[in-house]
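Enquirer: what's the 3D shape of this:
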Amino acid sequence: MVKSFDSLSRRDFMKLCGVVAAAVGLADLFSIERIAQALESTVKKPPVIWLEGQDCAGCTHSLISLEDPTPWSLILDKISLRYHETIMAASGYVAEKAKDEAIKEGGYILVVEGSIPEADDRFCMVGGRSFKEILKEAAQKAEVIICAGNCSSFGGIPAATHSKGMPVSKVITDKPLINLSTCPVHMDHITGTILYYLLSRKAPPLDKHQRPLMYFGEYIHDNCRRRAHFDAGEFLTDWNDPAQKEWCLYEMGCKGTETYSDCSIRKWNNGISFCIDAGAPCQGCAEPGFYPGFSPLYRST
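Expert: Residues are numbered from 1 along each chain as shown. Below is the predicted model:
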């Protein structure tokens with residue numbers, strides 16, 4: 001997935017740094033020169049441990065499905081992913097040994113995908129150990145915890161199941177924590193947050209739900225291309241009426257008016273589209289109320 005950038009000319013390297021800064025929303029926060037300097041000076045790659053609890057691996061797929069080569073690879077090439085049970089080549093005891101060694105060294109970025117069962121630890125066991133126990137162990141020597149996706153940020157879909165999935169923040173309360181809460185996590189959000197941390201060694205400015213304001217500072221509704229139809233009182237009520245095709249989806253359950261995220265600007269699939277552009281109402285997947293608080297998804301709440 002990630003190619004080496006050692007062969008890049010200085011000019012091409014600076015261009016990539018500029019593209020990265022713009023793409024992940026850091027252009028107004030850091031100069032291109034500072035970003036380049038930080039990436040060049042990363043002699044020892046910051047270690048990353050990626051844990052998976054109650055999840056569908058959708059956040060992992062969001063990260064690994066990017067086209068290659070991309071500017072984001074410049075960021076990913078600067079970290080050392082020590083443990084990720086889904087994508088690492090090793091398995092079993094060899095994989096667990098790699099995780100244990102990284103934890104012993106300390107000073108790593110801990111990424112958590114998936115929620116933790118609150119009803120009973122047995123709903124999520126890995127190698128005979130509860131995920132809660134594994135999370136607590138990994139958090140002890142982590143510099144910062146990044147929650148990838150709604151499940152680890154707020155409980156997500158598992159919160160509506162018998163396991164009563166709960167977020168990382170209910171288990172770990174003594175570490176810097178950043179919630180990247182869309183479902184799945186947006187690739188720009190996670191690479192941009194990692195880059196911000198590499199540049200400043202601290203979390204970016206966060207909202208009351210521990211989400212970076214640079215990604216979760218505005219309602220989806222504020223920048224939706226269907227906003228003019230909302231203002232004109234044109235709401236889609238019949239999926240089969242061609243005249244209503246581009247009308248506002250509010251009456252079909254769209255949660256864009258109460259969901260903070262930059263989906264309508266950043267979009268998905270390399271900036272091609274997002275839920276509303278594809279004709280589906282926003283499901284509010286970036287919010288603490290997702291999923292149980294926003295269901296049924298295709299009806300106004």
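
Enquirer: Which residues are in contact with the nearest residue to Gln283 once chain neighbours are set aside?
Expert: Leaving out its chain neighbours, the residue that sits closest to Gln283 by Cβ to Cβ, 6 or more residues apart in numbering is Leu297, at 4.9 Å. Where you see a C-beta, it was placed from the backbone N, CA and C, and this is true even at glycine. Leu297 makes contacts with 253, 281, 283, as judged by Cβ atoms under 8 Å, 6 or more residues apart in numbering.

Enquirer: Please apply the same query to Pro288.
Expert: Residues counted as contacts of Pro288 (Cβ under 8 Å, 6+ apart) are 153-154, 181, 209.

Enquirer: try 6 Å this time
Expert: Contacts for Pro288 (Cβ atoms under 6 Å, 6 or more residues apart in numbering) come out as Phe154.

Enquirer: so how far is His186 from it?
Expert: 17 Å (Cβ to Cβ, to the nearest Å).

Enquirer: Check Pro292 too.
Expert: 22 Å.

Enquirer: So for these two, which residue has more residues nearby?
Expert: His186 (27 against 13; other Cβ atoms under 10 Å).

Enquirer: got any ranges where the stretch 151-300 of the chain has weak pLDDT?
Expert: 299-300 (pLDDT under 70).

Enquirer: Please, where are all the strands along it?
Expert: Counting by DSSP state E, counting those that start in this stretch, the stretch 151-300 of the chain has these strands, from start to end: 165-166, 177-180.

Enquirer: Surely Ile116 touches Glu133?
Expert: No: in this structure Ile116 lies outside contact range of Glu133 using Cβ atoms under 6 Å: 10.0 Å.

Enquirer: These two: who's more crowded?
Expert: When Ile116 is set against Glu133 and neighbours are counted by other Cβ under 10 Å, the residue ahead is Ile116, at 29 against 12.

Enquirer: Spell out, range by range, the helices that occur in this protein.
Expert: Taking DSSP state H as the test, the helices found in the chain are 10-23, 32-40, 58-64, 72-76, 92-105, 131-139, 150-154, 187-200, 213-216, 227-231, 263-266.

Enquirer: what's the spacing between the residue nearest the centre of the chain and Ser169?
Expert: Closest to where the C-alpha atoms of the chain average out (Cα atoms, centre = their mean) is Val185, at 2.9 Å. Going from Val185 to Ser169 by Cβ to Cβ gives 16 Å.

Enquirer: which residues touch stretch 211-221?
Expert: Taking Cβ under 6 Å, 6+ apart as the rule, stretch 211-221 contacts 25, 179, 181, 189, 204-205, 207, 256-257, 259-264, 282.

Enquirer: An error on my part: the question was meant for stretch 223-240.
Expert: 244, 247-252, 256, 264-265, 276.

Enquirer: Between the residues you listed, which sits nearest Glu143?
Expert: Ile265 (29.9 Å; Cβ to Cβ).

Enquirer: so how many other residues sit close to the closest one?
Expert: 15.

Enquirer: number of nearby residues for Gly289?
Expert: When counting by other Cβ under 10 Å, one arrives at 18 neighbours for Gly289.

Enquirer: Thank you kindly, that will do.
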